[in-house]
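Colleague: A structural model of the following input is requested.
(one chain, ligands or ions: 1)
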Amino acid sequence: LDLLSQCWNECGLDPAKAAGVGITVPGMADMNSGTLLYAPFLGWRDVPVREIVSTRLSGPPVTIANDVNACALGETYFGQASSFDNVLWVTVSTGVGGGIIVNKQLYEGEYGIAGEIGHVTVEWENPRRCSCGQWGCLEAHASGTAIAERAMELMQQNGDAPLARYLREQRLPVSAASIAQAARSGVPEAIELYRSAGHYLGRAFSFAANLFNFGAVIVGGGVSLSMELWLPAAQDVFRRSVIHETNRNMPILATGLGYEAGLKGAAALAFHYRAKNGGSE
Ligand SMILES: [Zn+2]
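Modeller: Just a heads-up that it's a prediction; the model follows:
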């Protein structure tokens, strides 16, 4: 809140004239009550964010949403998704999250937790354990964390394999980013790790496309920066798995908003709230 006041002062803005305040939270949020229901990383539960912020700021309406859902809205208001009515936003980062836009509106589901594409099952024969407690989830097979963990396992099996040698020579830690660098340098295991992640992403996108007939899937998060490494595999599985031409031709795109997706998402939340309540954008 102090930071927000500081921003307003520095930019010379008048809070009374603001369209609203949008807040994104890293967890489950109930947009109607403005409550952060659960944030696994912070361990927070049932925090009345809107109430806390509103009482300190007299004036602009305050809206909160899950950070990934806010990215989906941000892309709809400010990014490539603006040309489509129905879009799936997917963040592929340390985890995998999703946000669904239907008819240009955020689809929240019955209890506000729709879009959890990270936890659809994509592997049955050799499933990996997911942070949610289930096995074979997309997040357990295609997140940046999963890519790094699989690399670690490969290197433990063979400390002299090309990937292990490459990372040692380049003095790089094991991470999704360093493995992407190795893949671009032609290290076969690194190429295969990204190809495999793409395979699972394509599989999950196909489930979503068959259900919703989206206009596009837009991908953000760190792993989207290495899209050229996994997109061909994703497209291959995707096209073989979906029904109808309209799905087959659905573009899988990287966000144009980059790391600002979350910030623009927060701004989009304020506009979204205003539009929803009869105001103009
Ligand atoms: Zn899971």
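Colleague: quick one: mean pLDDT over stretch 216-226.
Modeller: Mean pLDDT, taken over the full extent of stretch 216-226, equals 93.
Colleague: stretch 199-212 now?
Modeller: Across stretch 199-212, the per-residue pLDDT values average to 97.
Colleague: hmm, it touching the ion?
Modeller: No - using Cβ under 5 Å from the ion, stretch 199-212 never reaches the ion; the gap is at least 11.5 Å. All C-beta atoms are positioned from the backbone trio N, CA, C, and that covers glycine.
Colleague: how about that stretch as PDB, C-alpha atoms only?
Modeller: Extracted C-alpha coordinates of stretch 199-212, given in PDB (Å, rounded to 0.1, in the frame of the first residue of the first chain):
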ATOM      1  CA  HIS A 199       4.800 -33.500 -26.400                       C
ATOM      2  CA  TYR A 200       3.000 -33.200 -23.100                       C
ATOM      3  CA  LEU A 201       2.000 -29.600 -23.600                       C
ATOM      4  CA  GLY A 202       0.500 -30.500 -27.000                       C
ATOM      5  CA  ARG A 203      -1.400 -33.300 -25.400                       C
ATOM      6  CA  ALA A 204      -2.900 -31.000 -22.800                       C
ATOM      7  CA  PHE A 205      -3.700 -28.300 -25.300                       C
ATOM      8  CA  SER A 206      -5.600 -30.900 -27.400                       C
ATOM      9  CA  PHE A 207      -7.900 -31.700 -24.400                       C
ATOM     10  CA  ALA A 208      -8.600 -28.000 -24.000                       C
ATOM     11  CA  ALA A 209      -9.200 -27.400 -27.700                       C
ATOM     12  CA  ASN A 210     -11.600 -30.300 -28.000                       C
ATOM     13  CA  LEU A 211     -13.600 -29.000 -25.000                       C
ATOM     14  CA  PHE A 212     -13.600 -25.300 -25.800                       C
END
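Colleague: check the offset of that stretch from the chain's centre.
Modeller: Here the centre of stretch 199-212 is set off from its chain's centre by 15 Å, with Cα atoms, centre = their mean, to the nearest Å.
Colleague: list the buried residues in that stretch.
Modeller: In terms of neighbour count (16 or more other Cβ atoms under 10 Å), stretch 199-212 has its buried residues at 199, 200, 201, 202, 203, 204, 205, 206, 207, 208, 209, 212.
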